[in-house]
Structure formats: structure tokens, C-alpha cells
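# Take this sequence and fold it.
(one chain, ligands or ions: 2)
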Amino acid sequence: MSEKPKVYITEQIWAEAVDWLQQYCDCTVWAGEGKAPREHLLQVLGNYDGLITTGSAVTIDEALLAAAPRLKLVSTISVGYNHFDLEAMRKAHVIGTHTPYVLDETVADLVMGLMLSVARRMPELDRLVKSGGWNSAAGEELFGIDVHHSTLGIIGMGRIGEAIARRAVDGFGMKLAYYNRSRRPELEERYGADYMQVEELLRQSDYVVLMIPLSDETKHFIRAEHFAMMKGSAIFINASRGATVDEEALIEALRSGQIRGAGLDVYEREPIARNNPLLGMSNVVALPHIGSATHRTRQDMMMLAARNAAAVLTGQGEAYIVKELQP
Ligand SMILES: NC(=O)c1ccc[n+]([C@@H]2O[C@H](COP(=O)([O-])OP(=O)(O)OC[C@H]3O[C@@H](n4cnc5c(N)ncnc54)[C@H](O)[C@@H]3O)[C@@H](O)[C@H]2O)c1
Ligand SMILES: O=C(O)[C@H](O)CO
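Ligands and ions are numbered 1, 2, ... in the order given. The predicted structure follows:
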């Protein structure tokens, strides 16, 4: 009987996903706290055919791949794969897989939550009530702005963008503008969405949601000149990756009142530095990169990452191979 392929998993994941994968592969899970450090991976990966990891665990670059000559697969438990050096993986003939679709609805829920939280100032008002500061009927100084029937601009109308669009139009009666690499006529028809260039979208939108993947092409996709185009009453939401926005420019736009507020799940540096000015701003709602983090969705992502590994390493089913590495 031939040996099963060997898979290293960089952190403790859902036991059912590991048990399922053990049928096809011989799995080793990092037994320490948190995630396996890069130095450990450099030492052990030479013995493995596959790696299951997450976006925040380790960068898959030339040096790591050089230490893993047997490696055929990296399966990330995330839809984003900006931690893959695609050129290095191509050269090393390593396949990369990810976990699309299973998290769309959960991330879209969070984005709606961010819009509502900033617009209606929920964290600020929560702090006010809990600190005993609610002494009389709420006056204008506590008022917010409407989400319903306002204009939403989505930059990056992919899987998650579409799930946000559905909520915004069907649930909140919002008017929809979008910018994407390619037009999506079916969404224009279904949601009455208007396709426009980024500049026009920024001028027209009350809420701007950024949902494009991070790549060399999209680093600092939104910069100072873009904040200058936005309405002074606009709210900016980023749940994609921190580096798709020039964070310094965002801080300045918020500080100067160029835009009204921001809802952020992602930052240029994660975890965010404690002295980052964003953390001192009452018009910012800051979350710890938690978009897909419900129990059920994370379990679905882990199981999908396990299935991707089995598919690539043993031909068991289909894998979600990232598009740049597809054969
Ligand atoms: N905050 C979180 O926890 C969280 C969770 C899931 C995903 N994400 C991020 O969201 C991103 C989007 O996920 P998705 O599943 O919707 O991806 P997707 O590929 O379905 O959608 C991305 C869209 O952006 C468009 N796009 C890409 N580059 C572009 C460019 N240069 N100009 C214009 N359009 C461009 C694509 O055409 C696509 O329609 C992920 O890559 C990830 O970084 C974050
Ligand atoms: O890309 C993703 O899936 C999320 O950001 C979780 O890492």
C-alpha cells in the first residue's frame, strides 16, 4: 500500500476537518500556542507534501518554498491569498487553494453592521449609556444619518460585493453604484446597479465599500486624491485588506473632516499598533479582522481547506485553486 501524503497544519483547527482529512492524508497539527512560527516551518516543511495555513500565519515565499522541496500544495483557510507569492509558487510548481463562497454571507453581514454602526454611532452611544451619561432624552448631538435609501458604492463587485448588494438593495432600499474590473450586466439588471468609474462612484456615494483583493495592482488603490472626491458626509468601509487603502491618507481625511466616518475591519499593519490615530477617533468603528469569524463559517472554511488539500494531493474531488495558479 502506498503511503498517504503528509500535510502540516499551522494551527489548531476544527477537529472534524482534521479527522476528515486523515482518511486521505497523514496530518500533523502544530501543537503549540497560536500559529506555528516561520522558523519552525522552515525546519519541518521538508518532510511534507501539503501545508494548510491561514492568511495571518506565514507568507508563502521563495525562502519558505526552498525549505520545502516536496511541497505540492498550500491550502489557505481564507478567500484572500495576498500572502501567496504567486511567482515563487509557480516556479516551485506548488498549487495554491483558497476558500471562496462559504464566507460571503457572513462577511456581507459584517459590512452592513459596520455601515449601521458608523452611521448610527452605535459604539459611541453604547459607551455613553454604559458609563451613565444618558441623563435626558437624546438630543441632536447624538443623532446619526440614514443608511436606508441612501447611495452605496461598492468597489470590487465579486462574490462578497454581490452579497452586500443584495442586502443593501433588497433590505435597505439603497441605490447602488459599483466599480469592478469587468461589468456585471446581470447585477445591473437585478439590482438596478449603475456601473461607473471609481472617481464618479466616490462623488456620488453616501457609503463607499471597498471589497477588492490586495495585489501589486491594488496596493493603495484608494489614496488622498480619492478621499478628496468623496462627499463630506460620506462613510468609508474597508473589509478587504488594509493595504488597499493608503492608511495615512484615510487618517488625514477623517481628521480633517473630509469624510464623516469609517468602518474598518482591516489595517495596513495587523494587529493594529496601539498608538494608531484611528483608535482615538470617535467617528471610526474598528474591528479586529473578524469578517468571516462566526463559528459556523470558520468551520465551513476549515472543512473546505481540508477538502482542497485532499483534492490536490489525492485526486479526491474538486479543489478551489486560486485563479493565477490554475493549470
Ligand atoms: N475582512 C475579512 O475578514 C475578509 C473576509 C473575506 C474576504 N476578505 C477580502 O475580500 C476580498 C474579496 O473577496 P471576494 O470573495 O469577494 O473576491 P472576488 O474575487 O469574488 O471579488 C473581488 C472583485 O474585485 C475585482 N477586482 C480585482 N482587482 C480589481 C482591480 N484592480 N480593479 C477593479 N476590480 C478589481 C474582481 O473583478 C472581483 O469582481 C478578498 O480577496 C479578501 O481580501 C476579507
Ligand atoms: O480572506 C479571508 O478569508 C479573510 O480575510 C479571513 O482571513
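# Pull the contacting residues for the residue lying closest to Phe236 once chain neighbours are set aside.
Once flanking residues are discounted, Phe236 sits nearest to Ala262: 4.6 Å by Cβ to Cβ, 6 or more residues apart in numbering. For the C-beta atoms, the positions are set from N, CA and C on the backbone; glycine is no exception. Ala262 is in contact with 118, 235-238, 250, 254, 278, 283-285, counting by Cβ atoms under 8 Å, 6 or more residues apart in numbering.
# Can you lay out those as JSON lines showing distance to ligand 2, neighbour count and pLDDT?
Shown next, in JSON lines, are the contacts of Ala262 (distance: Cβ to the nearest ligand atom, whole Å; neighbours: other Cβ atoms under 10 Å; pLDDT from 0 to 100):
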{"residue": "Val118", "distance to ligand 2": "20", "neighbour count": "26", "pLDDT": "98"}
{"residue": "Ile235", "distance to ligand 2": "21", "neighbour count": "27", "pLDDT": "98"}
{"residue": "Phe236", "distance to ligand 2": "18", "neighbour count": "28", "pLDDT": "99"}
{"residue": "Ile237", "distance to ligand 2": "15", "neighbour count": "27", "pLDDT": "99"}
{"residue": "Asn238", "distance to ligand 2": "12", "neighbour count": "25", "pLDDT": "98"}
{"residue": "Leu250", "distance to ligand 2": "19", "neighbour count": "27", "pLDDT": "98"}
{"residue": "Leu254", "distance to ligand 2": "23", "neighbour count": "20", "pLDDT": "98"}
{"residue": "Leu278", "distance to ligand 2": "18", "neighbour count": "18", "pLDDT": "98"}
{"residue": "Asn283", "distance to ligand 2": "24", "neighbour count": "17", "pLDDT": "97"}
{"residue": "Val284", "distance to ligand 2": "19", "neighbour count": "20", "pLDDT": "98"}
{"residue": "Val285", "distance to ligand 2": "17", "neighbour count": "24", "pLDDT": "98"}
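# dump the residue contacts of Asp300.
99, 102-103.
# Just the ones of the contacts of Ala262 in helices?
118, 250, 254 (DSSP state H).
# ok, back up a step: list buried residues within the contacts of Asp300.
99, 102-103 (16 or more other Cβ atoms under 10 Å).
# filter the residues you listed by proximity to ligand 2?
Subset of the buried ones among the contacts of Asp300 in contact with ligand 2: Leu103, counting by Cβ under 6 Å from any ligand atom.
# which among the buried ones among the contacts of Asp300 gets closest to ligand 1?
Distance to ligand 1, by Cβ to the nearest ligand atom, is smallest for Leu103 among the buried ones among the contacts of Asp300, at 5.4 Å.
# So for the closest one, what's the nearest residue that isn't a sequence neighbour?
Leu103 sits nearest to Ser292 (Cβ to Cβ, 6+ apart), 4.0 Å away.
# can you check Glu318 too?
Spatially, and ignoring its direct neighbours in sequence, Glu318 is nearest to Ala311 (5.7 Å; Cβ to Cβ, 6+ apart).
# got it, and Gly171?
Closest to Gly171 by Cβ to Cβ, 6+ apart is Met112, at 7.8 Å.
# still on that earlier bit, what kind of secondary structure is the residue nearest to Leu103 in?
Assigned with DSSP: H, G, I helix; E, B strand; the rest coil, Ser292 falls in the coil class.
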